[in-house]
Structures are given as structure tokens and as C-alpha cells.
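> structure for this input, please:
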Amino acid sequence: MNRTLLVIAGEDSGDLHGAELLRELKARRPDLRIVGVGGPRMTPYLDRKLADVKDLAVVGFIEVIKHLPQLNRLKQAILAAAKEEAISGALLIDYPGFNLSLAASLRKQMPGVKLHQYVCPQVWAWKKGRIPKLGTLLDTLYCLFDFEPELFQGYPVDARFVGHPLVEVVKPECGREAFFTETGLDPSKPLVALLPGSRTGEIQRLLPPMAALAHRWRRERPEIQWVLPVATTLDPAFVRSYLGEAPVTLVQGRTYAARAYADAALVASGTATLETALLGTPFAIVYKLNGLTYQLAKRIVKVPHFGLANVVSRREVAPELLQDDVQPERLALELSRLLDPDQARRIRADLGEVRGHLGEPGAAGRVAEDLLKKL
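Purely as a prediction, here's the structure:
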């Protein structure tokens, strides 16, 4: 009997994890029909694509409110497709704001369908009050961090630590020599990687101060080279428009190589901080939200650290520059420290800790095995 799985990813990192998992599912069950929302990496595995991650990539409370009509239309289209396809199960990848609302609607519309969430929402950071909802709404919760399953003890959800897929995914896409030849950069000079995020709002808020620093250092530290790997969700022309005269080389399809071969990096908070830690490159975490969104977030966030690499390590392995600290002078100060050889050696040793908290390779395979049993 043919089975149909609904899969929903809402941003670039979800597309990355989703593609690995769908590949494992198709390898084990080629006849499995997969319908849903994904980005360029997931698309080859989708038998029917309902929308692209670009249609969902919205961040922050205020921004989400503005996009509500569009998000609601998309949710209705997904629910209609789920019914039409007579899905056997739903796999929701990260993106909790949208996906949990969708899960509740699916539960109402198709009570017999099993709901599985891949990547536990960060309830330990945000609302602990969400734990009962997750624990009772979902059938399975695949957790990427070792400390998450215990939060759901006593609830009917099957919460299990599967390890982090990044452990095996994060490696440079090409060799060092090939990278420098391809980009025209000089391998003998220091290189700084800029990662201002994968959403338009992040580029608008984070890239101007980064570009201003690169522009200023063109005179003050001309030996420094700058590279910016463009996220698949963004148009390079859009990114370029925020760089002005800054001497920054844009690269595509080289997001890991750009960081692996850089001497230091400035990285937007999120999954990218874990990736950079795994690559062993000294970095600072940079983030700036809409002012009102930040004030709301400050009241809700319950962890001492903002960046995932620090949350996982339970201590600060990378400095965090938030809100008003995201300005050229402060970035320059941190970057100078990261580029100091003695400091860099110490930081690299600290970053080695992060890998230890992320489990063994093979997360996508473990999830695929469990999911197919449950379908």
C-alpha cells in the first residue's frame, strides 16, 4: 500500500535537515510519496511541492503579524492538499510558530494522522508553558540536543534524542586551494567570513554595520580579506545592494568552505553558530531584532545565552553582540581579538566542546528508520 507523507520546512536550515532526511527515507522506501514545502535541497525529493521555504521565511513577532494573511493562505492550501492526498503522517521540520499551528489544525481535520516534529522547538529558551502543548499535541518529537527529551517526561509524546544532523553535514564543499583559486582570494592573507543571516530582515539589519567595518578596514587593515557566502534563500543582487563600496567577495554554494578557511567570522545567531563551531573557526555571534520584538523577546527568553553554540556548551564559547552592540566599532574590537593568534588558539579549543554535545553521526538515518515504522 502506498503511503503519503506531508513534510513542511520553513527556512534554510530546515531545508538542509529536511533534504538529508528525505534522502534517507527515499533510499529505504522509494515508493513513499512525499508532498510538502521545502527549498532547493528538498525539492528533488518532493513528489509534489506545495510552496517554497522563501514563502515562509519570516522572523520576529512584529514581522510575522505583517505576513499573517499570506501565512494563513498557505496554511489553508497545505490543509487542503493533506486531505486531497489522504496523508498517512506529517513531518514538521523546525519552524515552530507556523508548524505547531498547522499541527493543531491537522489534528482537528485528520485526527488519525500521526504528527512528528523534527527539531524540538526551543522551549527551554522561550515559553516553558509550551511544553504541555507539545507533549500532548505531537506523537513524536525528534530532539537534536541531549538535554531536551527530559523536558517531556510524563507526557504522551515520544521525545527522543537522535543527535544533530550537522555533525556529518558540516564539512567544506571543496579543498582550501580550490576555494582560493575559485574566489580569487589570496591564501596568504587573513580572511574574515561574514554571515549576516538567510532572511531579508537579517540582511537589512546586520549587513550595513558589517559592510561599514569592511569599508573602514580597507584603509586601516588593508591586508584583511572579506567573504560572504550567500544563503540559498537570498538573491545575491539584494545582498550586494547592502554592501555599498565594501570590498566583500560574495560566494554561492560555498557556505562551509568560506568559514572553514576563514581566520575569523561574524555570524548571525541561529544554526549558523553551531555550524561555525563545528568548523572550528573563531567567531562572534551577532544579532539585531526589530526594537519592539527585542523588548518582547527579552521578557520571554529564559536562558543566559542567546547563540546556540553557547546554549549547547552551557557557557560562552563565542562572544555575543546584540542590538546596540551591532555597530562597526564594537565589531572591530571583537574581530581584532578573534584574529589574534593566541586568542584564536584558545577559542578553537573551546569550540571543540560543542561537538561533544551533538551526538553521533547518522541522525537522519535514525529518524528515517523510526518514522517508517510509525507510518
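> so Val312 versus Val248, what's the distance?
According to Cβ to Cβ, to the nearest Å, Val312 and Val248 sit 29 Å apart. Using the backbone N, CA and C atoms, a C-beta is placed for each residue, glycine as well.
> tell me which of these two has more neighbours.
Comparing Val312 with Val248 by other Cβ atoms under 10 Å, the one with more neighbours is Val312, at 24 against 20.
> for the more buried one, which non-adjacent residue is spatially closest?
His357 (4.7 Å; Cβ to Cβ, 6 or more residues apart in numbering).
> now do the same contact list for the one you found.
Listed by Cβ atoms under 8 Å, 6 or more residues apart in numbering, the contact partners of His357 are 145-146, 312-313.
> phi, psi of it?
Dihedral angles of His357 (phi, psi; degrees, to the nearest 10) stand at phi -90, psi 0.
> try Tyr142
For Tyr142, the backbone dihedrals (degrees, to the nearest 10) come out as phi -90, psi 110.
> what residues are bridge-paired with it?
When bridges are taken as DSSP bridges, the partners of Tyr142 come out as Tyr118, Arg160.
> for it, which residues are in contact?
For Tyr142, the contacting residues are 116-120, 160, 162, 367, 370, by Cβ under 8 Å, 6+ apart.
> pLDDT wise, what is it at?
Here the pLDDT value assigned to Tyr142 is 97.
> relative to Arg259, how far out is it?
The spacing between Tyr142 and Arg259, counted by Cβ to Cβ, is 26 Å.
> quick one: the helices in the stretch 151-300 of the chain, in order.
Using DSSP state H, counting those that start in this stretch, the helices of the stretch 151-300 of the chain run over residues 166-169, 176-183, 200-220, 236-240, 255-260, 271-279, 291-300.
> and those helices, which one is worst for confidence?
If you rank these by mean pLDDT, helix 291-300 sits at the bottom with a mean of 63.
> do you know the pLDDT at the closest residue to Lys75 other than its chain neighbours?
Counting by Cβ to Cβ, 6+ apart, Lys75 lies nearest to Leu102, which is 5.7 Å off, once chain neighbours are set aside. As summarised for this prediction, Leu102 has a pLDDT of 95.
> let me see the contact set for Leu79.
With Cβ under 8 Å, 6+ apart as the criterion, the residues that contact Leu79 are 102, 105-106, 109.
> by neighbours, which of the contacts of His357 wins?
Using other Cβ under 10 Å as the neighbour definition, the contacts of His357 reach their maximum at Val312, which records 24 neighbours.
> now do the contacts for that residue.
With Cβ under 8 Å, 6+ apart as the criterion, the residues that contact Val312 are 145, 274, 354, 357-358.
> quick one: least confident of the contacts of Tyr142?
Least confident by pLDDT among these: that is Cys120, with 90.
> that one: what secondary structure?
When the structure is reduced to helix, strand and coil (DSSP: H, G, I helix; E, B strand; the rest coil), Cys120 reads as coil.
> Ser313 reaches Leu358, doesn't it?
No: judged on Cβ atoms under 8 Å, Ser313 makes no contact with Leu358 at a distance of 10.6 Å.
> count of residues packed around the residue found closest to Leu185 once you drop the neighbours it is linked to in the chain?
Counting by Cβ to Cβ, 6+ apart, Gln225 is the residue found nearest to Leu185 once chain neighbours are left out, at 5.2 Å. A count of neighbours around Gln225, defined by other Cβ under 10 Å, yields 22.
> what is Gln225 paired to in the beta sheet?
Beta-bridge pairing for Gln225 (DSSP bridges): Leu191.
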